Structures are given as C-alpha cells and as structure tokens.
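J.: Need a 3D model of the sequence below.
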Amino acid sequence: NDILKDYLYRPAFDDVGNHWAAKEITFAYENALVEGTSETTFEPDKNVTVQEFTKMLVTLLGYKEMAEQQGGFPHGYMMTGSRLGLFKDLYLEGPDDVTRATVAVMLVNSLDVPLMKQSGFGANTEYIVMDGKNGVALETFRTNLAIK
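T.: Below you'll find the model as predicted:
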C-alpha cells in the first residue's frame, strides 16, 4: 500500500525530507551506494564528483570489497574502476565534478563488466566474479537487462 509506505518512509538525512529525490537518496544510502556529507546531512543539490560516481558504479557492480582492500575512497575505488575499464575513452584529471557525458561513457563501459557476487557469510564469505568461467554463468548489467 503506497500510503503505508509513504507513512513509514523516513529520509536518511535531515536535509532531504522535501527534496524531489528524497526517496531515491534514502534508497541509495540504505544500499551503501552513497554517503552523507555528515551524519545528518547529504547536500542533495551538491554536484557529484568523478570519484563519487565511480564509487557508486563500483559498488553497483559488486566490487566494493575489492575497492576497500585497495585503500577505500577515493583511491581504492578509482583503482578498481580503472581495472574494470570504467574510464575507457575518458581523460580524467583530478576530483572534478562528473559531467553528463562522463556519466554516459562510464555507464556504457560498465555494461559488460562481469558482476561480482558474494557467496556465503561470516568465515565462509567468498566473492565470485560472474565471468562465465569455472562453472559460473556470465552476468553483467547487459545480460541482466536482456533477461528483463
């Protein structure tokens, strides 16, 4: 029931309550795709940097743990993004705001990156690259879109 969902909805940050993207920001925060600028603020109209967008894509692709092992934000995510080919055909310099063109190129570059998925929990946690090798099916954003 949409009324109940709206009633139960609580924004993740104090400054997104009436923002047009409040629900999407809260969803992205709850799924570890974005972080706030503090514990209580998000600054929803602030521009997104290349590093921040890279972190979102790397996390969506399932490579968050790898990026964190490489040093976390921003360098670990940038190194992982580079390794995955997210920056192909781009010249990036510094922590610039991401442009619409850069977003488009990075999204296209991400379509065929094999997703990484977690298998098991606790001491049995493993991460599997869904590359179509070693008995696992190939799974990418593109293959997932084709299924739908």
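J.: so the residue nearest in space to the middle of the chain is in which element?
T.: The centroid of the chain falls nearest to M56 when counting by Cα atoms, centre = their mean (2.4 Å). Applying DSSP states H and E as the criterion places M56 in helix 50-60.
J.: so what pLDDT did the residue nearest to the centre of the chain get?
T.: Predicted confidence (pLDDT) for M56: 95.
J.: how near is it to T49?
T.: 11 Å (Cβ to Cβ, to the nearest Å). The C-beta positions use only the backbone N, C-alpha and C, and glycine is treated the same way.
J.: where in the protein is pLDDT low?
T.: Residues of the chain meeting the criterion pLDDT under 70: 1-9, 148.
J.: can you pull out the helices in it?
T.: 2-8, 22-30, 50-60, 64-69, 75-84, 100-110, 141-147 (DSSP state H).
J.: Output the ones you listed as JSON lines; include the columns distance to G135.
T.: JSON lines is the format used below for these (distance: least, Cβ to Cβ, whole Å):
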{"stretch": "helix 2-8", "distance to G135": "40"}
{"stretch": "helix 22-30", "distance to G135": "33"}
{"stretch": "helix 50-60", "distance to G135": "24"}
{"stretch": "helix 64-69", "distance to G135": "21"}
{"stretch": "helix 75-84", "distance to G135": "22"}
{"stretch": "helix 100-110", "distance to G135": "24"}
{"stretch": "helix 141-147", "distance to G135": "17"}
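J.: tell me the most buried of the ones you listed?
T.: A comparison of these by mean neighbour count, using mean count of other Cβ atoms under 10 Å, puts helix 50-60 on top with a mean of 22.
J.: quick check: angle from that one to helix 22-30?
T.: Taking axes from the mean of the first three to the mean of the last three Cα atoms, to 10 degrees, one finds helix 50-60 and helix 22-30 inclined to each other by 70 degrees.
J.: Report all helices and strands that helix 50-60 contacts.
T.: helix 64-69, helix 75-84, helix 100-110 (3 or more Cβ pairs under 8 Å, 6 or more residues apart in numbering; DSSP states H and E).
J.: 10 Å - rerun?
T.: With contacts defined as 3 or more Cβ pairs under 10 Å, 6 or more residues apart in numbering; DSSP states H and E, helix 50-60 has these neighbours: helix 22-30, helix 64-69, helix 75-84, helix 100-110.
J.: Nothing else from me, thank you.
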